[in-house]
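**Student:** Give me a 3D structure for the following:
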Amino acid sequence: MSFTSFSQYVLLKPELSTSSFFAFKDVVGRVSGSVALESEIGAFNLMAKMELDPSKTNSKYFHIRFSHNNKYWCRNNAGDGFIVAVSTTAEEDITKESCTLFEASSSSGEGVFNLVHVPSGFFVEVGSEPDGRAVVVKGATAANRLTFVNWQTIPRIHRGNDSHQTVYAVSSDQDTANKDTLFWPIKMDEKTIALRCEANNKYCSRNRFYYDYLHAAADTIVNEARFEVKERVSSRKIYDVKYQLDEARIYNKEPFIAGSAMLTNKSNDKATLTSAITYEEQSTSTFTSTWSLTGGVKVSFEGNLCEAVKGKVEVSVEVKKEWSWSEETETKKSSTVNASADVPANTSIKISYIGTKGSYSVPFSYSQEDVDSATGEHTVTQHYDGIYYGSNYYNMDFEVAKPIPL
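**Tutor:** Numbering: from 1, shown residues only. Just a heads-up that it's a prediction; the model follows:
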């Protein structure tokens, strides 16, 4: 099973598990950062969302990183065989105990695979201890057959309650095995879903004869089977933003040349020359949360942005503005620096202003204040699912070339 068979954001679980997924978990009395099976929240556990980063050395290999805290899977260096997530840095050297490379080996069934820890060649499975921690074992068995769920297909919808004008189910059957009462939401975009009936795998749409009824009869997601999600919120404010800077990650680093200038000294004496270099600074910022459906609510934000400085992420300027979750904001501005160097007589020197362009992600917590559009009631909740994505230039400095005789 190739790396390209996976989506970028996934949930991993044993093939035989229905609602338990591998998640980042601090097990009491165990090593911090355990990877363990977690069933309490299921697919909506923000600590279960993972990203698969391709290897730079072998197209078959990849790194598994928890999205929320940027911690990579690896085998515990204590030699006990447990899988842990303790480092924010990927390691490709398979001779090192801290190597974070894995490979998916095809198994029986579509989308079913064995997850191989590359340095050891062992297979990942749920250990025998009650805490459900993941371990690596030597042989491929039914116990280590895994499967994955594409995170982006799982809509997370804010819940509300309207005791007067809501839609009520007529069934009083509380048995979740009754497929006639089970529906799977399919995310279409940031505001739209479709509902698939578990009983017949058809989509709910408006009944052509009884306009107040939903009818699970559409074979495809026709226009009548699309539902727009709207929250009962007139305004939303995000504040008290706290970044977990120790869990920040900088990636996609590449050299950046802002500009250069030629300093020419035509005199017979050494001279200190200066020239201005003008360039365009670009930066981006995006705030995301695990709520995959925004419900069309604009957000009033009060807090700080972040930026990469000298190879690490720091808190930057404070802003107050209106924005939407997952909406990228790009900032451009013209900057000028003075390039200066001592130029020998009758020579020219090229001086360049260079640095690094990098992207980064930082988890953050925040307070959210909502105003109910029906009652005007204010509700304040605490959230720990934010991830800030940004990019900017950093480590800017001058590079002076060797003098060239005139």
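**Student:** can we go C-alpha only for contacts and neighbour counts from here?
**Tutor:** Fine.
**Student:** any idea which helix or strand comes after the helix or strand encompassing His63?
**Tutor:** Assigned by DSSP states H and E, His63 belongs to strand 61-66. If you walk from strand 61-66 toward the C-terminus, the next helix or strand you reach (DSSP H and E) is strand 72-75.
**Student:** pLDDT of that following strand, averaged?
**Tutor:** The pLDDT scores in strand 72-75 average 94.
**Student:** Check the offset of that strand from the chain's centre.
**Tutor:** Centroid separation for strand 72-75 versus its chain: 17 Å, with Cα atoms, centre = their mean, to the nearest Å.
**Student:** Name the residues that touch it?
**Tutor:** Residues outside strand 72-75 that contact it (Cα atoms under 8 Å, 6 or more residues apart in numbering) are 35, 63-66, 81-90, 97-101, 117, 136.
**Student:** Counting by contacts, list what the next helix or strand along the chain from that strand packs against.
**Tutor:** For strand 72-75, the following helix or strand on the C-terminal side (DSSP H and E) is strand 83-87. Strand 83-87 sits against strand 34-38, strand 72-75, strand 134-137, with contacts defined as 3 or more Cα pairs under 8 Å, 6 or more residues apart in numbering; DSSP states H and E.
**Student:** what does strand 83-87 contact?
**Tutor:** Residues contacting strand 83-87 (Cα under 8 Å, 6+ apart): 24, 31-35, 65-66, 70-76, 133-136.
**Student:** Which among the residues you listed count as buried?
**Tutor:** Those of the contacts of strand 83-87 that meet the buried threshold are 24, 33-35, 65-66, 70-76, 133-136, by 16 or more other Cα atoms under 10 Å.
**Student:** got a list of what Arg226 touches?
**Tutor:** Contacts of Arg226 by Cα under 8 Å, 6+ apart are Thr192, Ile193, Ala194, Ser205.
**Student:** show me what contacts the closest residue to the last one other than its chain neighbours?
**Tutor:** I take that to be Ser205. Distance criterion Cα to Cα, 6 or more residues apart in numbering; nearest residue to Ser205, sequence neighbours excluded, is Ala225 at 4.1 Å. Contacts for Ala225 (Cα under 8 Å, 6+ apart) come out as Ala194, Leu195, Tyr203, Cys204, Ser205, Arg206, Ala218.
**Student:** same question, Thr88
**Tutor:** Thr88 touches Asn70, Lys71, Tyr72, Glu247, Ala248, Arg249, counting by Cα under 8 Å, 6+ apart.
**Student:** If we use 7 Å, what do you get?
**Tutor:** By Cα atoms under 7 Å, 6 or more residues apart in numbering, the contact set of Thr88 is Asn70, Lys71, Tyr72, Glu247, Arg249.
**Student:** Tell me if I'm right that the first one and Leu245 touch.
**Tutor:** Read it as Asn70. No. The criterion here is Cα atoms under 7 Å, and Asn70 misses it with Leu245 at 10.9 Å.
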